[in-house]
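Participant: no sequence on this one, just coordinates:
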């Protein structure tokens with residue numbers, strides 16, 4: 001187990017051991033923090049999209065149509 005995995009496991013174990021009101025307080029604190037709440041929102045979005053079917057890049061560009069300017073995204 002990596003250091004990151006061990007840290008995550010310790011955190012989750014500690015969180016699970018809290019009483020329901022304590023868990024709620026921790027979650028509220030995390031959601032009040034702009035950076036943490038943004039990380040949580042990003043993670044939830046990625047997880048939701050993980051279950052979506054994949055589309056070839058060119059097809060995605062066609063679907064975006066005029067909303068996407070490929071020149072803005074060229075490597076320099």
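Facilitator: Nice, thanks for sending it over. This is a predicted model, so every value here is computed, not measured.

Participant: before we move on, which element is the residue nearest to the spatial centre of the chain in?
Facilitator: By C-alpha atoms, centre = their mean, the chain has its centre lying nearest to residue 43, at 1.2 Å. If you go by DSSP states H and E, residue 43 is part of helix 34-50.

Participant: Give me the helices and strands touching the helix or strand that comes right after that helix, please.
Facilitator: Next helix or strand after helix 34-50 toward the C-terminus (DSSP H and E): helix 57-64. Helix 57-64 is packed against no helix or strand, with contacts defined by 3 or more C-beta pairs under 8 Å, 6 or more residues apart in numbering; DSSP states H and E. The way it works is simple: take the backbone N, C-alpha and C, and place the C-beta from them, glycine included.

Participant: and helix 57-64, average pLDDT?
Facilitator: Taken as a whole, helix 57-64 carries a mean pLDDT of 80.

Participant: again with stretch 23-40
Facilitator: pLDDT averaged over stretch 23-40 gives 96.

Participant: ok, residues contacting that stretch?
Facilitator: The contact list for stretch 23-40 (C-beta atoms under 8 Å, 6 or more residues apart in numbering) reads 15, 18.

Participant: One more pass at 6 Å, please.
Facilitator: Residues outside stretch 23-40 that contact it (C-beta atoms under 6 Å, 6 or more residues apart in numbering): none.
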